[in-house]
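S.K.: Provide a 3D model corresponding to the input given below.
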Amino acid sequence: MEMKKRICIYIVYDKQNIIGAYIEYALKKLRRCCDYIQVVCNSENIWEGADIRLYAERVIFRNNKGFDAGGYKDALCYSIGWEELKKYDELVLLNDSFYGPFGDMESIFKKMSAWACDFWGFSRSHAGTMAGQTYGEHIQSYFLVFKKNVIDSAAFQDYWERLEYPETMNMAIHDFELGINYCLKENGFRDGAVSDIYGSAPFFRDDENPYLKYPLELIRDFNVPILKHKALFFGNRGYANALTAYRFIEENNLYPILYIKEHMLRKSKFEEGMIDYERMETFYKNHSRVFIYGHGTYGKNVALYFMYRGWDLAGFLVTQNAENDDAVTLFEQADIGESDGIIVAVGTREMCREISVYLGNKCKGEQLLLPNW
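M.R.: Alright, predicted model coming up:
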């Protein structure tokens, strides 16, 4: 099969302006199968960590205007330009929101080059509803590849020239992730996903994000070579599946697991809604018993993390026990001693603030561990 000439645009955004080892790993993988790589840093300065200049022909810095979509637009319309772009057979757009890729990327490119599609990604999302708006089935935008006929089309260029910089994340999803899919399909281009090769998954349902709900199946059964960062957040309803996927990656040596640990540890210290892993470990060691306040998705996922670490959990505390579960105790009826600790495990800022005030009137401050809200 004829070798394809590929150009790649890789978006990097880090709130602490650090290039993690997982980014360096991804760039090394891309370097093997892309002829030209341009890294777009959605920060004005981001040199701490790995030196990305070793893996890219060009690195540009910008503010985060328009999120990923804005970075792609600036690279395509102003930095690279359409005449230069048309010298290539395939365009790869991706961001730094995942660990991987696992395995040989060139083999995936070869399979998808032969697949009857004009643009493709790693995973396909079914239809659903977001923020009260319905959306159709589409290829998810964290990794997209466009073939020659798309690159050369007026529709593709016109889409990017007309795209306004999204002002919110919901706008970015609507205007970019959904927008590029709809635009290309309306102009007769066919979509595809790596997971399509292995057949559609009957358990994937509408209103479910596959990379959050089914990361294990995507990696193990459908050859999707990534794990999204968000899948390992305690607020993810598919956290149990993601934790199993993490173990699968580790046990099968698919990826340097230290890169995931290092990044998640750092992210846990500042990312909204996460709990600092190091503080949680110290908190666990410093208290004779540890309870989790909250028995929803977030609380149950923190309990799963306890199981993964081999830690003992004293039980769940709630304000009202509607489940009649032996593991759940009404806080007013719990015998909380001065040496006990409570992790507040709820998924919204408002609930966390309300519960922390309530508990603060009954416990010492050092007895409480809160998420980053």
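S.K.: contacts and neighbour counts: CA atoms only from here.
M.R.: OK.
S.K.: Only the C-alpha atoms, please, for the one helix or strand Thr282 maps to, written as PDB.
M.R.: Here Thr282, judged by DSSP states H and E, is contained in helix 277-286. Output of helix 277-286 as PDB, limited to C-alpha atoms (Å, rounded to 0.1, in the frame of the first residue of the first chain):
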ATOM      1  CA  TYR A 277      -4.500  11.800  46.100                       C
ATOM      2  CA  GLU A 278      -1.600  12.600  48.300                       C
ATOM      3  CA  ARG A 279      -3.700  14.400  50.800                       C
ATOM      4  CA  MET A 280      -6.200  11.500  50.700                       C
ATOM      5  CA  GLU A 281      -3.500   9.000  51.500                       C
ATOM      6  CA  THR A 282      -2.100  11.200  54.400                       C
ATOM      7  CA  PHE A 283      -5.700  11.700  55.600                       C
ATOM      8  CA  TYR A 284      -6.300   7.900  55.600                       C
ATOM      9  CA  LYS A 285      -3.100   7.200  57.600                       C
ATOM     10  CA  ASN A 286      -3.900  10.000  60.100                       C
END
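S.K.: Listing request: residues of the stretch 51-200 of the chain with sub-threshold pLDDT.
M.R.: 131, 200 (pLDDT under 70).
S.K.: how about the helices in it?
M.R.: With helices called from DSSP state H, counting those that start in this stretch, the stretch 51-200 of the chain shows them at 67-74, 82-85, 105-114, 148-151, 154-162, 169-172, 179-186.
S.K.: Dump those helices to a markdown table, plus distance to Tyr214 and mean neighbour count.
M.R.: Shown next, in a markdown table, are the helices of the stretch 51-200 of the chain (distance: least, CA to CA, whole Å; neighbours: other CA atoms under 10 Å):
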| stretch | distance to Tyr214 | mean neighbour count |
| --- | --- | --- |
| helix 67-74 | 24 | 23 |
| helix 82-85 | 35 | 13 |
| helix 105-114 | 20 | 15 |
| helix 148-151 | 30 | 20 |
| helix 154-162 | 31 | 14 |
| helix 169-172 | 22 | 15 |
| helix 179-186 | 22 | 17 |
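S.K.: List the contacts of the helix holding Thr282.
M.R.: The contact list for helix 277-286, computed with CA atoms under 8 Å, 6 or more residues apart in numbering, reads 265, 268-269, 290, 341, 369.
S.K.: picking up where we left off before, and the helices of the stretch 51-200 of the chain: which comes nearest Cys352?
M.R.: Cys352 lies closest to helix 169-172 among the helices of the stretch 51-200 of the chain, at 23.2 Å (CA to CA).
S.K.: still on that earlier bit, could you dump the helices of the stretch 51-200 of the chain to JSON lines with distance to Met274?
M.R.: Converted to JSON lines, the helices of the stretch 51-200 of the chain look like this (distance: least, CA to CA, whole Å):
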{"stretch": "helix 67-74", "distance to Met274": "22"}
{"stretch": "helix 82-85", "distance to Met274": "40"}
{"stretch": "helix 105-114", "distance to Met274": "31"}
{"stretch": "helix 148-151", "distance to Met274": "40"}
{"stretch": "helix 154-162", "distance to Met274": "35"}
{"stretch": "helix 169-172", "distance to Met274": "19"}
{"stretch": "helix 179-186", "distance to Met274": "30"}
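S.K.: nearest to Ile257, of those?
M.R.: helix 105-114 (18.6 Å).
S.K.: Residues contacting the closest one, please?
M.R.: By CA under 8 Å, 6+ apart, helix 105-114 touches 29-30, 32-33, 120, 147, 194.
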